[in-house]
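Colleague: fold the following.
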Amino acid sequence: MPTTKRAEPDACSLLDTDHKNVKKMFTAYEELANSKAASAADKKRELANQICAELTVHTQIEEEIFYPAVREAIKETDLLDEAEVEHASAKDLIAQIQEATEIDDMFDAKVKVLGEYIDHHVKEERNEMFPKARAARGLDLVAMREQLMARKEELMGELMGEPA
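Modeller: Sure thing, here's the model as predicted:
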């Protein structure tokens, strides 16, 4: 009886797990934004900070490890150029969210737009970049997953104020 072997988790699957986790956070934020509860403001700030931290670390590991390796392995690098521009826009919004002093309608709008940027970015990575990376010769995405995980843990530790 033939069996189908599942692909070993690779760098793309790790990055996509990050994408799914952040998507859940954006959905939770939207529910809070629609809530009339008095406690929603504090929860929104906390969740927005968590979203910003996750995205900051995610973009950094992509820019430091994933994108340079993929750029060397594939011919068409337009996708990578676009991804880096999208990261710059996301970083600008992240800074605005982190610097905001009031949790008001503009704060909600910035988080919502950041979520929309990330949705667009994720679709391009999932549908275009990841398949090209997986098809590229000489790109060990399984080994890269370990490298990405280690760097992610290190960066999250730094963000949380843990000693290196």
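Colleague: what does the pLDDT read for residue 5?
Modeller: Per-residue pLDDT puts residue 5 at 49.
Colleague: er, residue 1 actually
Modeller: pLDDT for residue 1: 48.
Colleague: cool, residue 76 as well?
Modeller: Residue 76 carries a pLDDT score of 84 in this model.
Colleague: same check on residue 111?
Modeller: What the model reports as pLDDT for residue 111 is 97.
Colleague: just the one 3 residues further on next, same as before
Modeller: The pLDDT attached to residue 114 in the predicted structure is 98.
Colleague: shouldn't it be in contact with residue 92?
Modeller: No - using Cβ atoms under 8 Å as the test, residue 114 is too far from residue 92 to be in contact (9.6 Å). For the C-beta atoms, the positions are set from N, CA and C on the backbone; glycine is no exception.
Colleague: tell me which of those two has more neighbours.
Modeller: Taking neighbours as other Cβ atoms under 10 Å, residue 114 and residue 92 compare with residue 114 leading, 24 against 13.
Colleague: what about the strands in this protein?
Modeller: Using DSSP state E, no strands are found in the chain.
Colleague: where are the low-confidence patches of it?
Modeller: 1-6, 163-164 (pLDDT under 70).
Colleague: can you give me the helices for it?
Modeller: 11-33, 40-61, 67-73, 78-99, 105-124, 130-135, 141-159 (DSSP state H).
Colleague: what does the third one rub up against?
Modeller: Spelled out, that is helix 67-73. 77, 80, 83, 84, 129, 132, 133, 136, 137, 138, 139, 144 (Cβ atoms under 8 Å, 6 or more residues apart in numbering).
Colleague: let's see it at 6 Å
Modeller: For helix 67-73, the external contacting residues (Cβ atoms under 6 Å, 6 or more residues apart in numbering) are 77, 80, 133, 136, 139.
Colleague: next one: the first one
Modeller: Surrounding helix 11-33, the residues in contact under the criterion Cβ under 6 Å, 6+ apart are 40, 43-44, 47, 51, 54, 58, 66, 108, 111, 115, 122, 130, 141, 144-145, 148.
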